[in-house]
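Trainee: Any chance you can model this:
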Amino acid sequence: MPDIIQEFNDYRSKMNEKLLADNNKIVKRIFNLDTNAYAEGALDVKTKELLGLVASTVLRCDDCVKYHLETSYKEGVSKEEMMEAMGIATLVGGTIVIPHLRRAYEFWEALEESGK
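Mentor: Numbering: from 1, shown residues only. A predicted model of the protein is given here:
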């Protein structure tokens, strides 16, 4: 099986560099806003990442789901916490998010196997 984590991160990094090198003020500000929104505040980073995971699942953005899964994993989210959040996302998003739930579960397993 290809390393789905490395492939995702390599592609994301490469394309983010290209987007930011284009020097579009709006894109740069959105990236900055996104980074700052997930910083420690009244809510801790772990909680914010789980919120991002739920929203990304409901909006059906696989790249966003993978990003928030990996960051959540690094922040110490347990599999049980992740699955509880994904349960909420599936409830809110409906059965149409089940394919995203499957891919999220597969990505989480890859994170656990890699220990990253």
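Trainee: can we go C-alpha only for contacts and neighbour counts from here?
Mentor: Fine.
Trainee: So which bits of stretch 6-26 are buried?
Mentor: Of the residues in stretch 6-26, none count as buried by neighbour count, 16 or more other CA atoms under 10 Å.
Trainee: Correction: the previous question concerned stretch 67-82.
Mentor: Applying a neighbour-count criterion of 16+ other CA under 10 Å, one finds Y67, H68, L69, E70, T71, S72, Y73, V77, M82 buried in stretch 67-82.
Trainee: again with stretch 26-35
Mentor: The neighbour-count criterion (16+ other CA under 10 Å) identifies no buried residues in stretch 26-35.
Trainee: Convert it to PDB, retaining C-alpha atoms only.
Mentor: What follows is stretch 26-35 as a C-alpha-only set of coordinates in PDB (Å, rounded to 0.1, in the frame of the first residue of the first chain):
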ATOM      1  CA  ILE A  26      -6.200  37.400  -0.600                       C
ATOM      2  CA  VAL A  27      -4.800  33.800  -0.700                       C
ATOM      3  CA  LYS A  28      -2.000  34.700   1.700                       C
ATOM      4  CA  ARG A  29      -4.400  36.300   4.100                       C
ATOM      5  CA  ILE A  30      -6.800  33.300   4.000                       C
ATOM      6  CA  PHE A  31      -3.900  31.000   4.800                       C
ATOM      7  CA  ASN A  32      -2.800  33.200   7.600                       C
ATOM      8  CA  LEU A  33      -6.400  33.500   9.000                       C
ATOM      9  CA  ASP A  34      -6.700  29.700   8.900                       C
ATOM     10  CA  THR A  35      -3.400  29.200  10.800                       C
END
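Trainee: For that stretch, give the mean pLDDT please.
Mentor: The average pLDDT within stretch 26-35 is 97.
Trainee: quick one: the residue located most distally from the centre of the chain and N16, what's the gap?
Mentor: Residue farthest from the centre of the chain, counting by CA atoms, centre = their mean, is N23 at 24.7 Å. To N16, N23 is 11 Å away according to CA to CA, to the nearest Å.
Trainee: Low-confidence regions, this structure specifically.
Mentor: Where the chain drops to pLDDT under 70, the residues are 1-2, 116.
Trainee: would you list every one of the helices in it?
Mentor: Along the chain, counting by DSSP state H, helices occupy 4-21, 25-37, 45-58, 62-74, 79-93, 98-114.
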